[in-house]
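Trainee: okay, sequence plus prediction incoming.
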Number of protein chains: 2
Amino acid sequence: MQLNEIYAPIRKDMVAVEDKLKSIGIVDSPWLNDLLTYTLRGGGKRLRPALAILSASFYDYNLERLMPMAISVELMHMATLVHDDTIDNSFVRWGRPTINKVWGMEKAILLGDYLFAKAGSLTASTENIRVIKLLPQTLMTITNGELAQATSAFKLEQSREHYFFRISCKTAALFVFATESGAVLSKAPEPAIQILHDYGYYLGIAFQIIDDILDFIGTEEEVGKPVGSDLAQGTVTLPALMLIERYPQDNPVKRLFQGGDKKENIKQTIEIVRNSNIIQECFNVAAEYRAKACQNLKELPEKDTRTSLINLSDFIVTRKR
Amino acid sequence: MQLNEIYAPIRKDMVAVEDKLKSIGIVDSPWLNDLLTYTLRGGGKRLRPALAILSASFYDYNLERLMPMAISVELMHMATLVHDDTIDNSFVRWGRPTINKVWGMEKAILLGDYLFAKAGSLTASTENIRVIKLLPQTLMTITNGELAQATSAFKLEQSREHYFFRISCKTAALFVFATESGAVLSKAPEPAIQILHDYGYYLGIAFQIIDDILDFIGTEEEVGKPVGSDLAQGTVTLPALMLIERYPQDNPVKRLFQGGDKKENIKQTIEIVRNSNIIQECFNVAAEYRAKACQNLKELPEKDTRTSLINLSDFIVTRKR
């Protein structure tokens, strides 16, 4: 199923999200305008605003209260990407040059800071203390995960536990920020908030596993950035972890991290992973998390947006980009 | 007058600030602990927490409510310094290596993000919507000022207006964040909030002018970083601006920005500025802002902390570091 079909019940509001995002780029500051406009036009699937809106659809749905939050979660996402690309010295994202590539590291750091602040400002405008507290908590979790990743880069001694810790911090936390804040702002009862929290959490894990799979099996055209990027950064993701588990004595990841030829060892890692059942196993793990995400959705009121949440989880584990 | 004399009426609470700052460094994350501990031990004058506490002392003084805010303003300050040093590729601050020098650009970006988030979390814990809204607004202002500075680096066509815009964004905004939030949390009446807002604003401008003077007349030992750092970064501050105004046709700043010898032209600029009355004129401008800062303090309740605010403004324009 295509995203626009999944978004059908909230189509009008997703158009409003897009308009609002565009308007964020129009500021009375010449040096900010270009950076913001470029970033906000980047496209992307707007998954996080959709998650906030869908999660808010089961109880007291109030778009005016919700819109700043839907925008905030997307800006948080963008801010972390802008800083990540700077940290990783990545030059391509969404099939086009990154901010740090076009404007340099200095402006990329500042743009990220501005986006965090703008997200904070929008969240504060809801005047809801619970979601207000959730934002900095989320950012601390993300940063902690990124630091864990940076610290463990090019190290072989990594466990699945460490991998799941990292992705729960760097990806699932932001999904939870979207779903939980949507639920809270719709005045959902606590059990429903918990169900949507868990949905966001497990879906975020599944999403990141798929992202990590795509870094092995996608094409640069599909994923919008070079294949094997994670390995090039020294980041051990689930497919690489499974490879290391299978061939602990000698494998191209080990050779890569021990200073062996970069291009050749990345190529070999990708080949071995692709020609094994590792990818299928990774898909199985993602499917488990997807199932966990959806397991309690049936407790929510029966609405077409509930079906959208299920279809969205399907989209996330079957997507090609 | 020494800082410890000025802080005398709030000495106990400033000790509590120091303790609380230390405790922020103790987190359940090995990769964060070292970075935080190093940053929080950096010293500094703790001016901003003192401003928050002094500003809160005139009405309903409640340390429990205030402490998270006092810590938050200091963390915001530290976060911007950590990112600034990364942006400027500065290696020395407070007489010791910067985070980016010791741990690299990647971790410096993430540490700054974490500190912003922690500041947001502490501010949110006050559950006061007004100060909660002030934080992201302040960060947007600071970022805007930093972007203006980055964009105008190594450009000669700069006005005093542009200079004052930049320093009001990058320095005065954070002083206002401290004084206004202190006033708001003490339930001060609106006119008193405005007086303390203005005090923070004008004092921030005066503070930055002195900082910019010290970059010309200080010693590396005193200021804790190399003299002439601003010029080396292409940043035109008030002394350089006055030099350009006096010798518009030919001057070492112009030669520097047009690609002339860096070391030689910075040395010449510093010499000319030191051997003219430019420094005295800059001090005069700072004194004007200091006077503006204090002009309405007499409207506040007569307390020893009011005297502290006046003495602090004196300290700020006479300090050597």
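Mentor: Now that the structure is in, tell me what you want to look at.

Trainee: average pLDDT for stretch A:147-160?
Mentor: In this model, stretch A:147-160 carries a mean pLDDT of 89.

Trainee: quick one: check it for contact with chain B.
Mentor: Yes - applying CB under 8 Å from any CB of the partner chain, one finds stretch A:147-160 in contact with chain B at A:147-148, A:150-151. In short, each C-beta sits where N, CA and C put it, glycine included.

Trainee: just confirm residue A:320 is within a helix.
Mentor: No - Residue A:320: not assigned to a helix; according to DSSP: H, G, I helix; E, B strand; the rest coil it is coil.

Trainee: host element of the closest residue to chain B within the stretch 151-300 of chain A?
Mentor: Closest contact between the stretch 151-300 of chain A and chain B, by CB to the nearest CB, is at residue A:151 (4.3 Å). Residue A:151 is part of helix A:129-152 when elements are defined by DSSP states H and E.

Trainee: check which residues of that helix are buried.
Mentor: A:129, A:131-152 (16 or more other CB atoms under 10 Å in any protein chain shown).

Trainee: contact partners of the next helix-or-strand element following that helix?
Mentor: Once the chain leaves helix A:129-152, the next helix or strand it forms, by DSSP H and E, is helix A:160-167. Residues outside helix A:160-167 that contact it (CB atoms under 8 Å, 6 or more residues apart in numbering or on different chains): A:145, A:148-149, A:152, A:204-205, A:208-209, A:212, A:236-238, A:241.

Trainee: need the next SSE after the longest helix along chain A, C-terminal direction.
Mentor: Among the elements of chain A assigned as helix by DSSP state H, the one spanning the most residues is helix A:190-217. Once the chain leaves helix A:190-217, the next helix or strand it forms, by DSSP H and E, is helix A:220-223.

Trainee: any idea how far residue A:278 is from the spatially most distant residue from the centre of chain A?
Mentor: For chain A, the largest distance from the centre (CA atoms, centre = their mean) belongs to residue A:249, which lies 33.3 Å off. Distance of residue A:249 to residue A:278, given as CB to CB, to the nearest Å: 17 Å.

Trainee: find the nearest non-adjacent residue to residue A:197, please.
Mentor: Take residue A:197 and drop its neighbours on the chain: the residue closest to it by CB to CB, 6 or more residues apart in numbering or on different chains is residue A:180, 4.6 Å away.

Trainee: list the contacts of residue A:285.
Mentor: A:209, A:238.

Trainee: follow-up on the earlier one: how many residues are close by the residue nearest to residue A:197?
Mentor: 26 (other CB atoms under 10 Å in any protein chain shown).

Trainee: phi, psi of the closest residue to residue A:129 other than its chain neighbours?
Mentor: Among residues not flanking residue A:129 along the chain, residue B:127 sits closest, at 5.3 Å (CB to CB, 6+ apart). Backbone dihedrals for residue B:127, given as degrees, to the nearest 10, come out at phi 60, psi 20.

Trainee: I'd say the residue of the stretch 151-300 of chain A closest to chain B and residue B:31 touch.
Mentor: Yes - with contact defined as CB atoms under 8 Å, residue A:151 reaches residue B:31; the gap is 4.3 Å.

Trainee: just to revisit the earlier point, and the furthest pair within the residues of stretch A:147-160 next to chain B?
Mentor: Maximum pairwise distance among the residues of stretch A:147-160 next to chain B (CB to CB): 7.5 Å, between A:148 and A:150.

Trainee: next, show the common contact partners of the two.
Mentor: Residues touching both residue A:148 and residue A:150 (CB under 8 Å, 6+ apart): residue B:31.

Trainee: returning to what we had before: same list (the contacts of helix A:160-167) but as a markdown table, adding distance to residue B:186.
Mentor: Converted to a markdown table, the contacts of helix A:160-167 look like this (distance: CB to CB, whole Å):
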| residue | distance to residue B:186 |
| --- | --- |
| A:145 | 38 |
| A:148 | 40 |
| A:149 | 42 |
| A:152 | 46 |
| A:204 | 41 |
| A:205 | 45 |
| A:208 | 45 |
| A:209 | 50 |
| A:212 | 50 |
| A:236 | 51 |
| A:237 | 51 |
| A:238 | 52 |
| A:241 | 53 |
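
Trainee: in chain A, which spans are strands?
Mentor: Per DSSP state E, chain A carries strands over the ranges A:92-93, A:96-97.

Trainee: neighbouring strands of the last one in the sheet, and parallel or not?
Mentor: When pairing is defined by DSSP bridges, strand A:96-97 lines up against strand A:92-93 (antiparallel).

Trainee: before we move on, back to that, per-residue pLDDT of the residue nearest to residue A:129, please?
Mentor: The per-residue pLDDT reported for residue B:127 equals 97.

Trainee: equivalent analysis for residue A:92, please.
Mentor: pLDDT, residue A:92: 88.

Trainee: about what we covered before: any idea how far the helix holding residue A:151 is from the chain center?
Mentor: Between the centre of helix A:129-152 and the centre of its chain there are 13 Å (CA atoms, centre = their mean, to the nearest Å).

Trainee: got the angle for it vs helix A:160-167?
Mentor: Angle between the axes of helix A:129-152 and helix A:160-167 is 130 degrees (criterion: axes from the mean of the first three to the mean of the last three CA atoms, to 10 degrees).

Trainee: give me the neighbour count for the closest residue to residue A:6 other than its chain neighbours.
Mentor: Closest residue to residue A:6 in three dimensions, ignoring its sequence neighbours and counting by CB to CB, 6+ apart: residue A:311, at 4.6 Å. Residue A:311 has 17 neighbouring residues, counting by other CB under 10 Å.

Trainee: average pLDDT for stretch A:183-190?
Mentor: 98.

Trainee: got the buried residues for it?
Mentor: Within stretch A:183-190, the residues scored as buried using 16+ other CB under 10 Å are A:183-186, A:188.

Trainee: coming back round to it: who's in contact with the residue of the stretch 151-300 of chain A closest to chain B?
Mentor: Residue A:151 makes contact with B:30-31 under the criterion CB under 8 Å, 6+ apart.

Trainee: how about a cut-off of 7 Å?
Mentor: For residue A:151, the contact set (CB atoms under 7 Å, 6 or more residues apart in numbering or on different chains) comprises residue B:31.

Trainee: can you check residue A:313 too?
Mentor: Per CB under 7 Å, 6+ apart, neighbours of residue A:313: A:203, A:290, A:293-294.

Trainee: give me every residue in the stretch 1-150 of chain A lying close to chain B.
Mentor: Within reach of chain B by CB under 7 Å from any CB of the partner chain, the stretch 1-150 of chain A has these residues: A:29, A:31-32, A:83, A:86-87, A:106-107, A:109-110, A:113-114, A:116-118, A:120-121, A:124, A:127, A:129, A:132-133, A:135-137, A:139-140, A:143-144, A:146-148, A:150.

Trainee: send the alpha carbons of stretch A:313-321 over as PDB?
Mentor: Taking C-alpha atoms only, stretch A:313-321 is exported to PDB below (Å, rounded to 0.1, in the frame of the first residue of the first chain):
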ATOM      1  CA  SER A 313       3.600  -0.500  10.200                       C
ATOM      2  CA  ASP A 314       3.300  -2.700   7.100                       C
ATOM      3  CA  PHE A 315       4.600   0.100   4.900                       C
ATOM      4  CA  ILE A 316       7.600   0.600   7.200                       C
ATOM      5  CA  VAL A 317       8.800  -3.000   7.100                       C
ATOM      6  CA  THR A 318       8.300  -3.400   3.300                       C
ATOM      7  CA  ARG A 319       9.500   0.000   2.100                       C
ATOM      8  CA  LYS A 320      12.400   0.200  -0.400                       C
ATOM      9  CA  ARG A 321      13.600   3.700   0.700                       C
END
